[in-house]
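J.: Please find the sequence and the predicted model below.
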Amino acid sequence: MKIALIGLPQTGKKTVFSLLTGMALDHLLGRAGEYHIGAVKVADPRVDKLSAMYNPKKTKYAEIECTLAPAPPQQAKARDQWLQTLKNMDALCHVVRAFDRETDPHEDINKMNLELAISDLSLIEKRLDRIAEDQKKKRDDDRAKEAALLERLKPHLEAGKLLRDYPWAEGEEKRIRSLQFLTLKPLVIAYNGGTGELTGDLTCRLDAKLELEVAQIEDANERAEFLAALGVEEPAIHLLTRLLYKALGYISFFTTGEDEVRAWTIRHGETALDAAHTIHSDLARGFIRAEVMKYPELIAAGDKGHAAEVHLKETGKLLLKGKDYIVEDGDIVHIRHSG
């Protein structure tokens, strides 16, 4: 799971990256043009509650790999590196300026969209040239269909629209997915500041400077009091981590016990067998069944870990599922296996 943090100069993306990854801001400042990689823990209140129930030796959250990319370079070689970095990502997060009335977040968004659209248009031209050369040597119907689709995409991009907004017919997007178009990747927009209207599910607002002040309060109780005084339940950066996770198309299932409470990552629609393989390939090979508890029911039991599980079992709420069971977000899953 890889996501790139992008933005124009002076948008505060280094501060946002520092908040997401815990990397010291002093290490990032004054390093224009550099790339930095860090791990983002996905803030999940469900993990916190399960950890309080089981009091485990370790608690592990889902994680995302985040790359801080510089502002779009103008020099050709640096720009190629920038574009290639973004192509290798599963999703993008655009930090835009919304500091005050003098900053227009929509202008930032339009400028970045133009950068990404130009890249996609260039990729289409190169791909069409390549297909034309190949077709001269040997006619291929699949390549001809791909070329026809690419020709239809060109005017869409030239009109200032993004490929994720294209009216795809069945099977079309799959045909060109391997080309890694940038305007087709999931995009989260993080408004840094208090201006600009939020639009869409994958948008959020935060004040990176204020969030940094909150993060630097070491005492948890003082931090909570500070947030309460501001009238918020949790830092906005926590909401952003969950939004990034959502953009990537993943859900979490949990394993619990006295040794560890852990969030595991799985795609929508994947099965209990996939979950077993995510934990360890040996569990998938020796899969017998999955014991599944629903998070709300486990919490509602109101007991400490093992006692709550016993309660669910006695009330018929501990579910036995086969390998084809579709795992749901928030499921607590224990895999029974042979050897």
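T.: Perfect, thanks for sending it. Residues are numbered from 1 along each chain as shown.

J.: Any idea how far stretch 217-230 is from the middle of the chain?
T.: Chain-centre distance of stretch 217-230: 27 Å, with Cα atoms, centre = their mean, to the nearest Å.

J.: hmm, who's touching that stretch?
T.: 214, 233-235 (Cβ atoms under 8 Å, 6 or more residues apart in numbering). C-beta: built from backbone N, CA, C; applies to glycine.

J.: go again using 10 Å as the cut-off
T.: The contact list for stretch 217-230 (Cβ atoms under 10 Å, 6 or more residues apart in numbering) reads 207, 210, 213-216, 232-235.

J.: likewise stretch 269-279?
T.: In contact with stretch 269-279 (Cβ under 10 Å, 6+ apart) are residues 249-251, 253, 255, 262, 264-267, 282-292, 321-327, 331, 333-337.

J.: Give me the buried subset of these.
T.: 250-251, 253, 255, 262, 264-266, 283-284, 287, 289-292, 321, 323, 325, 327, 331, 333-335, 337 (16 or more other Cβ atoms under 10 Å).

J.: What about those, which are in strands?
T.: Within those, residues falling in strands by DSSP state E are 250-251, 253, 255, 262, 264-266, 287, 289-292, 321, 331, 333-335, 337.

J.: and Arg164, what does it touch?
T.: Applying Cβ under 10 Å, 6+ apart, the residues contacting Arg164 are 173, 181-187.

J.: Kindly write the ChimeraX command that selects the buried subset of the residues you listed.
T.: Under the burial definition 16+ other Cβ under 10 Å, those of the contacts of Arg164 that qualify are selected in ChimeraX by:
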select :181,182,183,184,185,186,187
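
J.: Minimum pLDDT in the contacts of Arg164, which residue is that?
T.: Minimum pLDDT for the contacts of Arg164 is recorded at Glu173 (90).

J.: Quick check: Tyr191 is in a helix.
T.: No: secondary structure of Tyr191 (DSSP: H, G, I helix; E, B strand; the rest coil): strand, not part of a helix.

J.: quick one on the thing from earlier: strands - which of the contacts of Arg164 land there?
T.: Leu187.

J.: For the contacts of Arg164, name the two members farthest from one another.
T.: Glu173 and Leu187 (15.6 Å; Cβ to Cβ).

J.: quick one on the thing from earlier: wait, which of the contacts of Arg164 is closest to Ala132?
T.: Using Cβ to Cβ, Phe181 comes nearest to Ala132 of the contacts of Arg164, at 19.4 Å.

J.: so what's the residue lying closest to that closest one once chain neighbours are set aside scoring on pLDDT?
T.: The spatial neighbour of Phe181 that comes closest, neighbours along the chain excluded (Cβ to Cβ, 6 or more residues apart in numbering), is Asp120 at 4.8 Å. Confidence at Asp120, expressed as pLDDT, is 94.

J.: Glu211 now?
T.: Looking at Glu211, its pLDDT is 89.

J.: State the number of residues packed around it.
T.: 21 (other Cβ atoms under 10 Å).

J.: how close does it sit to Leu230?
T.: 11 Å (Cβ to Cβ, to the nearest Å).

J.: what's near enough to touch Tyr295?
T.: 46, 49-50, 252-254, 328-332.

J.: ok, 7 Å please
T.: 46, 330, 332 (Cβ atoms under 7 Å, 6 or more residues apart in numbering).

J.: Tyr166 too?
T.: By Cβ under 7 Å, 6+ apart, the contact set of Tyr166 is 153, 156.

J.: Please determine how far it is located from Gly193.
T.: 31 Å.

J.: same check, this time on Thr278
T.: Thr278 is 38 Å from Gly193, by Cβ to Cβ.

J.: Just the buried positions in the helix or strand hosting Glu151, please.
T.: Element membership for Glu151 (DSSP states H and E) is helix 141-158. Residues 143, 146-147, 149-150, 153, 156-157 are the ones in helix 141-158 that count as buried (16+ other Cβ under 10 Å).
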